[in-house]
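> give me a 3D structure for the following:
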Amino acid sequence: MKFETKAIRLQTDRSQHHEHSTPIFATSSFVFDDAEHMRALFANEADGNIYSRFTNPSVREFENKMAALEGGEDCIATATGMAAIFTTFASLLSSGDHLLMSKAVFGSTFKINDDYLRKWGITYDYIDPLNMEQWMALVKPNTKLLYLETPSNPGLDIIDLEATSAFCKKHDMLFIVDNCFATPYLQQPLAFGADISIHSATKYIDGQGRVMGGAIISNKKIIEQIYPFMKNAGPSMSPFNAWVLSKSLETLAIRMDRHCQNALQIATWLESNSQVAYVNYPFLPSNTQYEIATKQMKAGGGMISFELKGGIDAGRKLIDAREMISLSANLGDTRTIITHPASSTHSKLTPEERAAAGITDGLIRLSVGLEHVDDIIADLKL
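Below you'll find the predicted structure:
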């Protein structure tokens, strides 16, 4: 089956009621046929549900879809995207291990390192995502993971997945990619050699700003290592959110086509505007990483970052002049959203950390929605 068909047709087996649309399994627990059935389930000798913190049919449908769309063997769904990242790190890292992480990642990811991994005896170094020679100097015998985003938030750096996979295999470490901005429709990191693909399903997977969720996709061996933390610590996805997200996947492809179409047109318009200092968009031919982007992505996505020549004052003026575009910290919505990362999503970082991640005071992040492109451009009053 093609991507669009999988997203629509992979679903939980119909019940005795012969429903067309999968119902929500809003239950905290499940019953057993007899004592032997209960024993076999707890001993992992039989498949089935015990408790919704462990597994739930609604959640499992979403997990199966995400695994199929990413080209992975299995998936774990979590309550949020940050829960997916934390669960992965907590499951695969131990005291004494070392982590390499891109400098260009979502702000809260830095806080996991600084506030939690450090006090558990896990060390880490931040890498320039575009300088592999620097990575080499930072690899240690105890380095276990390399984590990055591509495209990155908010600078839209594009990292060569194949080259990074080869680097990680050479140094015997797992390669983890946050695939949130691209979605499985535009990019499948596992096909390029990544070991784990992570999503904040809150963003494009939902696509309408309704629910939160996360997903971890990998092979069965790695998922089996991660599952006990999810089961015991409890960052589980709710059945309702899983039901919403599974239905959202049915329209992911058609939504992303429009997001990409609008974004490319707006990025091209911004690039020609005399008040814009620079524009970051993966599928602009002028982008220095254009060839890599077109090699591993189907299209450029719905995110644009740009800087106005007037710096932070010009950025504030642009944001305050809007009439339709939403000012929000979210992204991946049907509605176009504008954000100032330095004062919102990355505000907890020091000025030095923001500079290292390429986040200038005047940087603007635009999550291009599904409105008519002419109306979006008209509201960007430059």
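
> secondary structure element holding Ser274?
Assigned by DSSP states H and E, Ser274 falls within no helix or strand.

> from Ser218, how far out is it?
Using CB to CB, to the nearest Å, Ser274 is found at 47 Å from Ser218. Backbone N, C-alpha and C define where each C-beta goes, glycine included.

> quick one: which of those two has more around it?
Per other CB atoms under 10 Å, whichever of Ser274 and Ser218 has more neighbours is Ser218, with 26 against 6.

> which residue packs closest to the more buried one, ignoring adjacent ones?
Leaving out its chain neighbours, the residue that sits closest to Ser218 by CB to CB, 6 or more residues apart in numbering is Ile196, at 4.5 Å.

> do the same with Gly369
Of all residues not flanking Gly369 in the chain, Thr336 sits nearest, at 3.7 Å (CB to CB, 6+ apart).

> tell me the bridge partners for the residue nearest to Ser218.
Counting by DSSP bridges, Ile196 is bridged to Ile176.

> so what pLDDT did Val31 get?
What the model reports as pLDDT for Val31 is 96.

> tell me the secondary structure for it?
Secondary structure, DSSP: H, G, I helix; E, B strand; the rest coil: Val31 is coil.

> hmm, back to that, you'd agree the residue nearest to Ser218 is up against Asp178?
No: judged on CB atoms under 8 Å, Ile196 makes no contact with Asp178 at a distance of 9.6 Å.

> check the offset of the longest helix seen in the chain from the chain's centre.
Counting by DSSP state H, the longest helix found in the chain is helix 252-271. From the chain centre to the centre of helix 252-271 is a distance of 18 Å (CA atoms, centre = their mean, to the nearest Å).

> repeat that for stretch 276-295.
On the basis of CA atoms, centre = their mean, stretch 276-295 is displaced by 20 Å from the centre of the chain it belongs to.

> for Ile338, give me phi and psi.
Torsion angles at Ile338 (phi, psi; degrees, to the nearest 10) stand at phi -110, psi 140.

> just the helices in the stretch 251-382 of the chain please.
Assigned by DSSP state H, counting those that start in this stretch, the helices in the stretch 251-382 of the chain fall at 252-271, 290-296, 311-321, 351-356, 373-379.

> turn the ones you listed into JSON lines, including mean pLDDT.
Output for these, formatted as JSON lines (pLDDT from 0 to 100):
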{"stretch": "helix 252-271", "mean pLDDT": "98"}
{"stretch": "helix 290-296", "mean pLDDT": "98"}
{"stretch": "helix 311-321", "mean pLDDT": "86"}
{"stretch": "helix 351-356", "mean pLDDT": "75"}
{"stretch": "helix 373-379", "mean pLDDT": "97"}
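
> if we can go back for a sec, just give me the neighbour total for the residue nearest to Ser218.
For Ile196, the neighbour count with other CB under 10 Å is 26.

> same question, Glu45
When counting by other CB under 10 Å, one arrives at 9 neighbours for Glu45.

> what does His98 give?
18.

> looking at it, it is touching Gly121, isn't it?
No: using CB under 8 Å as the test, His98 is too far from Gly121 to be in contact (10.5 Å).

> quickly list what the nearest residue to Tyr278 once chain neighbours are set aside is bridged to.
Nearest non-adjacent residue to Tyr278, counting by CB to CB, 6+ apart: Glu307, 5.7 Å away. Beta-bridge partners for Glu307, by DSSP bridges, are Tyr278, Leu363.

> lowest-confidence helix or strand of the chain?
helix 351-356 (a mean of 75; mean pLDDT, DSSP states H and E).

> low-confidence bits of the stretch 1-150 of the chain, can you list those?
Along the stretch 1-150 of the chain, no part satisfies pLDDT under 70.

> ok, which stretches of it are strands?
Using DSSP state E, counting those that start in this stretch, the strands found in the stretch 1-150 of the chain span residues 74-78, 98-102, 123-127, 143-149.

> which of the ones you listed sits most buried?
Highest mean neighbour count among the strands of the stretch 1-150 of the chain (mean count of other CB atoms under 10 Å): strand 74-78, with a mean of 26.

> hey, C-alpha coordinates of that one in CSV?
Provided in CSV are the C-alpha atoms of strand 74-78 (Å, rounded to 0.1, in the frame of the first residue of the first chain):
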residue,chain,number,x,y,z
ASP,A,74,7.4,-0.8,16.1
CYS,A,75,6.4,2.3,17.9
ILE,A,76,5.8,3.6,21.4
ALA,A,77,3.3,6.5,21.8
THR,A,78,3.9,8.9,24.6
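
> just checking, what packs against it?
helix 57-70, helix 81-92, strand 214-218, helix 220-233 (3 or more CB pairs under 8 Å, 6 or more residues apart in numbering; DSSP states H and E).

> next, the contact list for the residue nearest to Gly311 when sequence neighbours are not counted, please.
Of all residues beyond its chain neighbours, the one nearest Gly311 is Gly362 (4.1 Å), with distances taken as CB to CB, 6+ apart. By CB atoms under 8 Å, 6 or more residues apart in numbering, Gly362 lies in contact with Ala277, Glu307, Leu308, Gly310, Gly311, Ile312, Ala314, Gly315.

> skipping adjacent residues, who's closest to Ile217 in space?
Computed as CB to CB, 6+ apart, the closest residue to Ile217 that is not its neighbour in sequence is Gly72, at 3.9 Å.

> what does Trp120 give?
Excluding the flanking residues, the one nearest Trp120 by CB to CB, 6+ apart is Ser95, at 5.8 Å.

> for the one you found, grab the count of nearby residues.
Applying other CB under 10 Å, we find 9 residues neighbouring Ser95.
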